[in-house]
Every structure is written in structure tokens, then in C-alpha cells.
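# Got a predicted model here, sequence first, then my questions.
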Amino acid sequence: MPATEPTADRPAPPRAKVKQRPGDRIFAGLSTGAGVLILVVLAGVAAFLLVEAWPAIIAPSDEIPGRGGLTLYIWPLLFGTLISAFFALLIAAPLATSIALFITHYAPRRLSQALGYVIDLLAAIPSIIYGLWGIFVLAPATVGPTRWLTEHAGFIPLFAGPPSATGRTMLVVIIVLAVMILPIISAVVREAFRQTPRLHEEASLALGATHWEMIRMAVLPFGRSAIVGASMLGLGRALGETMAVAIVLSVSGGVTFNLISSGNPSTIAANIALQFPESTGLDINALVASGLVLFAVTLAVNMLARAIINRRREFSGAN
Amino acid sequence: MPTSTPERELDLESPIGGPPLVHGTLPRWAPQFTLVTAIAAGFALFAVGTAVGLAAIAAVLLYGLAIYSWSRPIEGARKAKDRVVTAIVASTFLLALLPLVSVILTVVSRGVARIDPAFFTFSMQGVVSEGGGAYHAIMGTLIVTGLAALISVPIGMLTAIYLVEYGKGKLARAITFFVDVMTGIPSIVAGLFAFALFALILGPGVRLGIMGAIALSVLMIPVVVRSTEEMLKLVPNDLREAAYALAVPKWRIIVKVVLPTALAGIATGVTLAVARIIGETAPLLITLGATSGTNFNPFDGRMATLPVFSYYEYVNPGVPPEPSLQRAWTAALVLIIIVMVLNLVARLISRLFAPKTRS
């Protein structure tokens, strides 16, 4: 704030104190309190989960469901969670990037906002509906192709089979999850692509690059960290997705990379949703403990994602 | 799609003593023509008896191959590659539309049969197979979501005001970061949090409407904060400074100048946040359970909600299962209509009441 320099012969007038009105103090206090409350809630989520999970953590291992101890109870669930989210990301990330490219750099400029809304609609559909759609429409549709996959690509462990006759497989879960995280990734990447400096693009075109070469050399490098960050965000969402998995997947426990058989590991979130309403006592504590693991994993993934995205924001030079 | 280079006819075929400066280009209508041909071929395959999916894939592949082998000898490898990439990028967009269309068609076609007065006026009390409705669930959803909004909107807005008007330094940065992180909390974890909170106070096995509302507000607060923050940042500083110059206290500036200017945007954000949480199933499943009767008191006992209703009608169908499944689909349809209407309302608000100063 520019202040007039006090000169020797004219001493600076005593700085008038800003009157603190009670309204100001109350309002500042309220809004600061709300901000702090959010931090408290986040800490509270961790604390309350820990308190409720504690009995299961200290319980003897033969009282945990499955009688093998807490680690053995959670590990297959964690494995299922990770494998479904990872493959969903593998499908969704390139697709979402390509869709973001289409919306920002291929579609007619006038249409681009409307097309963005259409993709955002995918995010608006409740997960329960994806679950019902997955089991009634998508699952039956995959039965034929998975049989073909086992016959012709069965040497790949992912498609070892025997293929499920109902289609309630990890593969369907992965596809549903991919559809669900597609709009989230695509929205973040879209924003980054929009901010590509126009001069870079035009310079590239002026040097004779084709449209694709311009994108590869100017747009993609600029958006790279946004793609990584957005993918992590999508990964976080896929890790925590509950209802769609709970409805679609036919569960038999066990740790397997086989995506198309009827014996699949469940995921943490789906397992909680399926078991919780019928559980009592220590079973609930064990479920909360698995929830705590999920919370820790998603928190780590999200923090990493935000850190990556924020770093880009600071160093991008676009703003 | 043609690039932005102007396609004027210039006489550059034989400049003085050098190679030609231009090379051939495909006619302007080349992509469209190839596309139509490829689609026709796809339909032909479909008519012959190929599965729809295979025919579509074949059409896309055909387009790519045709445009490449047409463009390659005339325009060269780079341009041909560019055309193929354009085809790939456009087809991924269409691929993403496929599930959207399929989901909406499925829900509408399977759910529309039970859109009748009974569905909106009857509960499931005493209903064994046919009939019954989701009145209790619809009311439950409205009550729980309303409560969640009542909790989240003041907290979210105040936090956003803190971040934009007051916040500086470490605390503000920490809040911004953790609000972002909070948007990624899995909904089931939010449900577990509400459960753990109330289990400590009231003992395990407790199921209350307010628990669901608290779980939902954990999910809703960060969305409200983000959208409100964005809107407050759009309020031009000139307005604030003009008010300061008139010696208006800061809190009155915020209440009388900043908030009214940003109100439309904030309303849009809140509507979108409500649309996001109204379909949440998992946290409600573990916090307020389900019931077949009407319960309008969120502080006493289990409550039915639309998503959970749909889930249980699917998981525990009656005998025969058809009426239950039908109710599940109709509940899903009602849910999707509510969400779409909320989205539409949000866009309308922002379109109609947008401040003129948007940058």
C-alpha cells in the first residue's frame, strides 16, 4: 500500500486506528471458524474411524471375519480395489484425454461448451444407476466377447477364464468405473488444454506443422502434468466407488488377476456396503478398519493429485 | 476436418528453379464422403447379420484405412496421419456418448411403466408384490438432502468468504488444499464417519436421518466451497473499493455488495452440489438404513431414501420379482429426472442471472 513519506518538517499524522466494529469481528470470526471447522471435520473423519476401528485392530486374529486376522481380511479387498481402479484408469485416462482434445481443439468452437456439458452429464448420473445398468445391460453384453477372449487370448493371465456365464465380472466393473471417472478426468484436462498459450499453437502451425503435430508439440506437453493429476483424481474416485461395484460384482474372495471369471476379489467400499447392514459387534469394527485403509489410500492419492495439479498452476506461465 | 490453412489456388506448382511449394490436397468433401461411405458399409454389414458393435467397429476401421490410403499418395505421410488422428479423436468422443445414451434409454424404457399416481402417493407399508410406491422414499430423500444442504451451505459459503475476503497465509492455503482433498473422500467413508460419530454418542446400531444428512454434508461442503470461491473471485474489486471509499464496514460490504453480485453463481454451485449428493447411495445405506413406512422425523429411527429404495428393491425382490424390479427402475428414473432437472435449473440460473462483468 503506497503511503506518503513523512517529511522532517511535517511529521506524519498519527495513524488513525481502524475502528473495529463488533459486526466485523463476529463476521471474521464466523468465517474463520467455518474454515477451521473443515479442517477439524477432515481430522475428525480420521479420528472417529480410528476409534471405531480400534477394537478390530487389537482383537485376536480368530475373531475377525474369516478367522485369519485383520491383515488377511483386508488384503484381498485392497487388492480388488487397486486392480479395478488401476485398469479403469488405464481405459479412462487416454479416452478422457482424447475427449478433452476433441472438445477443445477439434470440435467447432461454438459447440465446444455444449459438448462439455454432455460429457459432464456422465458424471451427474448416480452410481446406483450405473450399477443397475452394469448388471442388466453391460454384463450380459460381455458374455459373448469374454468367451471369445478366453479362446483366443487365454494365454494372457487377465483373460484366463473360465468366462463367467452371467457377466458379473471384474471386467464389467472396470468398464463401469472407467465410464464413471471419464468425465472427472476429462473436465480437468479440458481446462488445462484450454489454457494452452495461443502463441505456441500458432507458432507451431506457422512452422508448417499439421494439426496433430501442433497438438503433440504444443498442447500435450503443456497439459502433461494436468493429465497426470487428473488421472490421479480419477483413480481416487475409482478406488472409493461403492454401489456400482457392489451391484455388479459376483464375489468369491481370493486374489486373482483373472478379470473375466466368476470368482473375483471384492473391493473395500463394496464389501462395506454389502456387509454393513447385516453386521454387528466386532464385524462392524473390522469393516470400519477396512474403511480406514481406503480413506488412507484415497487421501494419499488425492493429495498427490492436488499437489501435481497445483504445481502446474504455479509454473505454467499461462497465468 | 480441414486445417486452418487457406485453400486458395496459388500458382506455386513451378516456382523459379525449385521444387514445387505446394503439394496435392484431397478435395474439401473428402472426409465427409469417406465417412458416409464407411457408415453405409457398416449398415450393410449389419444388414447382412453382423452384430451391431462389430459393424460399428468395422465402419470406424474402414474410415481410418480409407482416408489414410487416399490421403497418403496425394498429401503425404504427415497429412495422412493427421487425418487418421482426427478420426480417432472424434470416435473416442462418440464412444463416450455410447454409455450415456445407453444408460438413459435403459432407465427410461424400463422405468416408465410405473410412473403412475400410486408410485408418488403410496409407501411400501404392507405391500408384498404389486403396487406400492416410493412416496416415503421421495420424501425421505427431500428431507435428508434438504438437511444436508442446510448444514453445508452456511459452512461452505462462510469458508469461501474466509478464503476470498479474509484468508491469507498458511491457514488459508491449508484450507484450500484440504478442501480439494476432501472432494475426493469416498462417499462410503463419509458414511462411516457419520456412523462412527453417532455410534460413540448414542451407541452402535443407531440409524437416524440426521446421520445421513451429516454424511452427505461431508461430501457437499467442499463442492459448495469451491463453487462459491470461484464466484466470489469474479466479483470485481472496483465494487469493494467503491464501498470502502464510502466507509462501509467490511462485513456489510460482503453481505450487501459481494454476496448479491455473486448470488446467481453461488445458487448455481449449490444446485449442482445438491444434484451431486442427491443420488448418493452408499453413505445412506449405512447411516439411515431403509424402512417400508413413512418417517418424516430425521431425529427418530430409520428413513427411506430414493437411491436406497431402488437398491433394496433390486437386492431383495418380492415373489414374483418383476414388480420389485420395476419399482427399482422407476425409482432410478425418478432419481435421474431429479438430477437432470437440478442440472438444468443450475444452468438456467447461471444463464439468466449471470453478472455482466464475467471475464
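Okay, I see it. Numbers count the residues shown, from 1 in each chain, chains lettered A, B, ... in the order given.
# dump the residue contacts of residue B:257.
Applying CB atoms under 8 Å, 6 or more residues apart in numbering or on different chains to residue B:257 gives the contacts B:235, B:239-240, B:243, B:248. Where you see a C-beta, it was placed from the backbone N, CA and C, and this is true even at glycine.
# Buried among those residues? Make that a ChimeraX selection.
Listed next is the ChimeraX selection for buried residues among the contacts of residue B:257, using 16 or more other CB atoms under 10 Å in any protein chain shown:
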select /B:235,240,243
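# mind putting the contacts of residue B:257 in JSON lines, pLDDT and distance to chain A included?
Shown next, in JSON lines, are the contacts of residue B:257 (pLDDT from 0 to 100; distance: CB to the nearest CB, whole Å):
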{"residue": "B:235", "pLDDT": "88", "distance to chain A": "16"}
{"residue": "B:239", "pLDDT": "90", "distance to chain A": "18"}
{"residue": "B:240", "pLDDT": "91", "distance to chain A": "14"}
{"residue": "B:243", "pLDDT": "93", "distance to chain A": "13"}
{"residue": "B:248", "pLDDT": "90", "distance to chain A": "11"}
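# Show me which positions of stretch A:207-226 end up buried.
For stretch A:207-226, by 16+ other CB under 10 Å, it's A:209-215, A:217-219, A:222-223, A:225-226.
# Please compute how far stretch A:271-279 lies from its chain's middle.
Chain-centre distance of stretch A:271-279: 23 Å, with CA atoms, centre = their mean, to the nearest Å.
# Distance across that stretch, terminal residue to terminal residue?
Its start and end residues considered, stretch A:271-279 measures 12 Å (CA to CA, to the nearest Å).
# wait, isn't residue B:86 in contact with residue A:211?
Yes - if you go by CB atoms under 8 Å, residue B:86 and residue A:211 touch, sitting 7.1 Å apart.
# For residue B:323, pull up the helix or strand it's in.
helix B:322-352 (DSSP states H and E).
# Now do that helix, average pLDDT.
When pLDDT is averaged over helix B:322-352, the result is 89.
# which strands and helices sit next to it?
Applying 3 or more CB pairs under 8 Å, 6 or more residues apart in numbering or on different chains; DSSP states H and E, we find helix B:322-352 packed against helix A:109-124, helix A:127-133, helix B:77-111, helix B:117-121, helix B:259-278, helix B:306-315.
# Please name whichever of those helices is nearest to residue B:183.
Closest to residue B:183 of the helices and strands packed on helix B:322-352 is helix B:259-278 (CB to CB; 9.9 Å).
# which parts of that closest one are buried?
For helix B:259-278, using 16+ other CB under 10 Å, the buried residues are B:259, B:261-262, B:264-278.
# These also near chain A: which ones?
B:275-276, B:278 (CB under 8 Å from any CB of the partner chain).
# Residue B:169: neighbour count?
By other CB atoms under 10 Å in any protein chain shown, 7 other residues sit near residue B:169.
# pLDDT score assigned to it?
For residue B:169, pLDDT reads 84.
# Which of the contacts of residue B:257 fall in helices?
Those of the contacts of residue B:257 mapping onto helices are B:239-240, B:243, per DSSP state H.
# Can you tell me which of the ones next to chain A among the buried residues of helix B:259-278 is nearest residue B:133?
Closest to residue B:133 out of those is residue B:278 (18.7 Å), distances taken as CB to CB.
# For that closest one, list the residues it contacts.
Listed by CB under 8 Å, 6+ apart, the contact partners of residue B:278 are A:126, B:141, B:145, B:306, B:335, B:338-339, B:342.
# Go again with 6 Å.
The contact partners of residue B:278, taken as CB atoms under 6 Å, 6 or more residues apart in numbering or on different chains, are residue B:145.
# Please determine how far it is located from residue B:146.
10 Å (CB to CB, to the nearest Å).
# Out of the helices and strands in chain B, which is least certain?
Between all helices and strands in chain B, the lowest mean by mean pLDDT, DSSP states H and E belongs to helix B:117-121, at a mean of 84.
# Give the helix, strand or coil label for the nearest residue to residue A:140 once chain neighbours are set aside.
Leaving aside its sequence neighbours, residue A:140 sits nearest to residue A:167 (CB to CB, 6 or more residues apart in numbering or on different chains; 5.5 Å). The three-state assignment at residue A:167 reads coil, by DSSP: H, G, I helix; E, B strand; the rest coil.
# hang on, residue A:256 in a strand?
No - going by three-state DSSP, the assignment for residue A:256 is coil, not a strand.
# Point out the residues in the stretch 151-300 of chain A that sit beside chain B.
Contact residues (CB under 6 Å from any CB of the partner chain) of the stretch 151-300 of chain A with chain B: A:179, A:182, A:210-212, A:236, A:240, A:242-243, A:269, A:272-273, A:276, A:288, A:291, A:295, A:298.
# Which of these fall within helices?
A:179, A:182, A:211-212, A:236, A:240, A:243, A:269, A:272-273, A:288, A:291, A:295, A:298.
# tell me the two of the residues you listed that are most distant?
Across those (CB to CB), the longest gap, 52.6 Å, separates A:211 and A:288.
# Sounds good, over and out.
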